[in-house]
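Peer 1: generate coordinates for the sequence data below:
(2 chains)
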Protein chains: 2
Amino acid sequence: MTTQHINDTMTDPTNRTRLREAATSAFAENGFHATTTRDIAAAAGMSPAALYIHHRSKQDLLHVISRDGHQEVLQLVRDASASSGGPEDRLAEVIRALAAYHAENHTIARTVNYEIHSLSPAQQAEIGGLRTAVLREVQAVVEDGVEAGVFDAPDPELTTLVLLSLCVDISRWYEQDRPWSPGELSDYASVVALNAVRPRSGQRIDAATRQPSTRSASERMATR
Amino acid sequence: MTTQHINDTMTDPTNRTRLREAATSAFAENGFHATTTRDIAAAAGMSPAALYIHHRSKQDLLHVISRDGHQEVLQLVRDASASSGGPEDRLAEVIRALAAYHAENHTIARTVNYEIHSLSPAQQAEIGGLRTAVLREVQAVVEDGVEAGVFDAPDPELTTLVLLSLCVDISRWYEQDRPWSPGELSDYASVVALNAVRPRSGQRIDAATRQPSTRSASERMATR
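Peer 2: Alright, predicted model coming up:
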């Protein structure tokens, strides 16, 4: 076996995939900080030295997992947003795609969303850019709906953040033994999201007007 | 200074508070695993030995912070749920209280919600019980609204989980430099939540019926 042969084997894409899968499972199970590169290498059936051929560090693995996860979500959202139909159909598709992703991939989504502080500042900035791109993509659908007169969203960015919350947080509480399939859950999330933005006749919220201290804010949001 | 005097000083409630505040800040900034008991003691202006008079371990500190945080949230929800008015007013109060808590206490809320896997199994079970109590308290308001005919929530538990998601996830993205005050944000969350559960005339969601694979689930949710 030549040195070239060894190098080819070591940099085999299959090894990269195995390492990523091992790291994803370990991070989800024990958290990023409690996981060692030795744990990851062992779970992938490799030596720690072999791991370092592919990744400089545990942080580098987290970065690759986080970047690819966010890029996948951005692509899902772009595809859903580009679907045919008006803003209501498109928003339903976007929310359904996001909610299903966070239910189906709840372990990786937790790592990707809650371990951002473990990345380097440059890595955090890159992931932040991808998150902003997701936000803007969804916000554009909300704004299209406002422009078309089918959505009531006085502050489209805030509306979008709240709708994203509804989807992202699914990864925190969703477990395989929950009585709802990802399909049911994502359908329901899209119903809730559409109900939240569709204009209503009559007063939007009675309760808010009972509190003088918050009245102006809620009125502004509800009426501008 | 007698031994008794030293012990009184060491177990001073002020020291416990300082330790908890130091631990809360450190966990929020660096994550639970990257924080050492030495970091916490130093931030509290105490020796590591003094820390161990109050807490057996870093995990014990996380447990106390998490338990008290969850008990505070449960009390907030109970108070809001017990407010006067019908289910709409009560749900608005509950969502407003939850959303405001997660905006105002976003750093501690992140630690409390995302570091649960760092607790012992017994501690996780205790926190799990408090979380279930919060869920059931909110779910009871949703069920009251369904019974009174003012809410459309075919699956009150799922509805409640989704509404809680909307509030809890605020702690993930809310920062002090966001353009919305906790009051504005919590008002808006209550508007979204009420819109999500109020019955609508006509077809609830057109988009869902376009997908045969998910039609039965969405129809069941929308119509039962």
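
Peer 1: I'd like the domain boundaries of chain A, if you could list them.
Peer 2: Domain segmentation of chain A under automatic domain parsing yields A:1-55, A:59-200+A:209-223.

Peer 1: just give me the lowest mean pLDDT stretch among those domains.
Peer 2: Among the domains of chain A, domain A:1-55 carries the lowest mean pLDDT, at a mean of 80.

Peer 1: hmm, back to that, which of the domains of chain A sits most buried?
Peer 2: Each of these was assessed for mean neighbour count using mean count of other CB atoms under 10 Å in any protein chain shown. The highest is domain A:59-200+A:209-223, with a mean of 19. The way it works is simple: take the backbone N, C-alpha and C, and place the C-beta from them, glycine included.

Peer 1: chain center to that domain: distance?
Peer 2: 7 Å (CA atoms, centre = their mean, to the nearest Å).

Peer 1: in a markdown table: the domains of chain A, plus distance to chain B.
Peer 2: Formatted as a markdown table, the domains of chain A follow (distance: least, CB to the nearest CB, whole Å):
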| stretch | distance to chain B |
| --- | --- |
| domain A:1-55 | 3 |
| domain A:59-200+A:209-223 | 3 |
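
Peer 1: got JSON lines for those, with distance to B:Gly183 too?
Peer 2: JSON lines is the format used below for these (distance: least, CB to CB, whole Å):
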{"stretch": "domain A:1-55", "distance to B:Gly183": "34"}
{"stretch": "domain A:59-200+A:209-223", "distance to B:Gly183": "5"}
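
Peer 1: where does the residue nearest to A:Val197 when sequence neighbours are not counted land in three-state SS?
Peer 2: Closest residue to A:Val197 apart from its sequence neighbours, by CB to CB, 6 or more residues apart in numbering or on different chains: A:Phe151 at 4.3 Å. Secondary structure, DSSP: H, G, I helix; E, B strand; the rest coil: A:Phe151 is coil.

Peer 1: circling back to that earlier point, of the domains of chain A, which is nearest B:Leu91?
Peer 2: Minimum separation from B:Leu91 across the domains of chain A (CB to CB) falls at domain A:59-200+A:209-223, 13.1 Å.

Peer 1: the helices in chain A, which residues?
Peer 2: Secondary structure of chain A (DSSP state H): helices at A:3-10, A:13-30, A:37-43, A:48-54, A:58-81, A:87-104, A:106-114, A:121-147, A:156-168, A:170-173, A:182-197, A:212-223.

Peer 1: A:Ala103 contacts A:Leu185, doesn't it?
Peer 2: Yes. Using CB atoms under 8 Å, A:Ala103 makes contact with A:Leu185 at a distance of 5.1 Å.

Peer 1: what do these two both touch?
Peer 2: With contacts taken as CB atoms under 8 Å, 6 or more residues apart in numbering or on different chains, A:Ala103 and A:Leu185 have A:Ile170, A:Tyr174 as neighbours in common.

Peer 1: list of residues touching stretch A:118-135?
Peer 2: So stretch A:118-135 is contacted by A:32-33, A:59, A:62-63, A:66-67, A:70-71, A:73-74, A:77, A:116-117, A:157, A:160-161, A:164, B:31, B:34 (CB under 8 Å, 6+ apart).

Peer 1: swap the cut-off to 6 Å and go again
Peer 2: A:Phe32, A:His63, A:Ser66, A:His70, A:Val73, A:Leu74, A:Val77, A:Ile116, A:Thr160 (CB atoms under 6 Å, 6 or more residues apart in numbering or on different chains).

Peer 1: same deal with stretch A:97-110?
Peer 2: Residues contacting stretch A:97-110 (CB under 6 Å, 6+ apart): A:24, A:28, A:69, A:76, A:80, A:167-168, A:170-171, A:174, A:182, A:185-186, A:189.

Peer 1: and if you look at stretch A:150-157?
Peer 2: A:Pro87, A:Glu88, A:Gln139, A:Val142, A:Glu143, A:Gly145, A:Val146, A:Thr159, A:Val197, A:Pro199, A:Met221, A:Arg224.

Peer 1: ok, the closest residue to the fifth one other than its chain neighbours to A:Val197 distance?
Peer 2: Read that as A:Glu143. Nearest non-adjacent residue to A:Glu143, counting by CB to CB, 6+ apart: A:Pro156, 5.0 Å away. Distance from A:Pro156 to A:Val197, counting by CB to CB, to the nearest Å: 9 Å.

Peer 1: what's the answer for A:Ser186, then?
Peer 2: A:Ser186 is 17 Å from A:Val197, by CB to CB.

Peer 1: hmm, A:Ala193 and A:Leu163 touching each other?
Peer 2: Yes. The pair A:Leu163 / A:Ala193 is scored as a contact, 5.1 Å apart, by CB atoms under 6 Å.

Peer 1: any residues in contact with both of those two?
Peer 2: Common neighbours of A:Leu163 and A:Ala193 (CB under 6 Å, 6+ apart) do not exist.

Peer 1: who touches the residue lying closest to A:Thr35 once chain neighbours are set aside in this structure?
Peer 2: Once flanking residues are discounted, A:Thr35 sits nearest to A:Ala26: 4.4 Å by CB to CB, 6+ apart. Applying CB under 6 Å, 6+ apart to A:Ala26 gives the contacts A:Thr35, A:Asp39, A:Ile40.

Peer 1: if we go to 8 Å?
Peer 2: A:Thr35, A:Asp39, A:Ile40, A:Ala43.

Peer 1: residues contacting the second one?
Peer 2: By CB under 8 Å, 6+ apart, the contact list for A:Asp39 reads A:Ala26, A:Asn30.

Peer 1: from A:His33, how far off is it?
Peer 2: 12 Å.

Peer 1: try A:Ala196
Peer 2: 37 Å.

Peer 1: and the contacts of stretch A:150-157, which two are the farthest apart?
Peer 2: A:Glu88 and A:Arg224 (21.9 Å).

Peer 1: tell me the contacts of the closest residue to A:Leu51 other than its chain neighbours?
Peer 2: With CB to CB, 6+ apart as the criterion, A:Leu51 has its nearest non-adjacent residue at 4.4 Å, and that residue is A:Ala41. Residues counted as contacts of A:Ala41 (CB under 8 Å, 6+ apart) are A:Leu19, A:Ala22, A:Ser47, A:Pro48, A:Ala50, A:Leu51.
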